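> just the structure for this:
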Amino acid sequence: MKRQIYLNLPVKDVQRSQSFFESVGFRMASECSSDKGMCIELQEDSYAVLQPRETFEELSPKEMCRPAGCSEMLISVSCESREEVDELIDRAIEAGAKIPGSTKVEGPMYGRTFEDLDGHVWQLIYMDGRTESND
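Next comes the predicted model:
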């Protein structure tokens, strides 16, 4: 059996969050959604489950932190190009995201970060697969 990844994220308003992520360009995965949460597909077999805070609190053995005041994790999603990173960031801004930092360029990695409507931190990255020659 192929492994799948589900990141469960507590949100204030599932429908509002769903609209936000659709505006950014993520596909809603109704095949793995339920009345307990809406799934967005990050890539094949990797999903973020947008859950009402009450549902998240029922499922989690620990107290839920409020992401607006702390970081519970950094969600990184790869992109196909720098242009795709920039396009998705532009869409996120238009949909109401906050941009907490500047563009990061470190070697072959190009990354930009946004905070979604509930304060979860998302990093969109492109890894340039070209290798440099030392001739």
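
> for Arg53, which non-adjacent residue is closest in space?
Pro10 (4.4 Å; Cβ to Cβ, 6 or more residues apart in numbering). No exception for glycine: its C-beta is placed from N, CA and C like everyone else's.

> how about that neighbour, secondary structure?
With DSSP: H, G, I helix; E, B strand; the rest coil as the basis, Pro10 sits in strand.

> skip the chain neighbours and tell me the closest residue to Val105.
Leaving aside its sequence neighbours, Val105 sits nearest to Gly111 (Cβ to Cβ, 6+ apart; 7.9 Å).

> actually Lys36, sorry about that
Nearest residue to Lys36, sequence neighbours excluded (Cβ to Cβ, 6+ apart): Thr55, at 5.2 Å.

> hmm, back to that, quick one: the residue nearest to Val105 and Leu124 touch, right?
Yes: between Gly111 and Leu124 there is a contact under Cβ atoms under 8 Å: 6.6 Å.

> shared neighbours, these two?
Common contact partners of Gly111 and Leu124 (Cβ atoms under 8 Å, 6 or more residues apart in numbering): Ser76, Val85.

> burial of the residue lying closest to Ser81 once chain neighbours are set aside, as a residue count?
Residue nearest to Ser81 in three dimensions, not counting chain neighbours: Tyr126, with 5.8 Å by Cβ to Cβ, 6+ apart. Neighbour count of Tyr126, defined by other Cβ atoms under 10 Å: 19.

> which ones are touching Tyr126?
Tyr126 sits next to Ser78, Cys79, Glu80, Ser81, Arg82, Glu84, Val85, Met109, Tyr110, Gly111 when contact means Cβ under 8 Å, 6+ apart.
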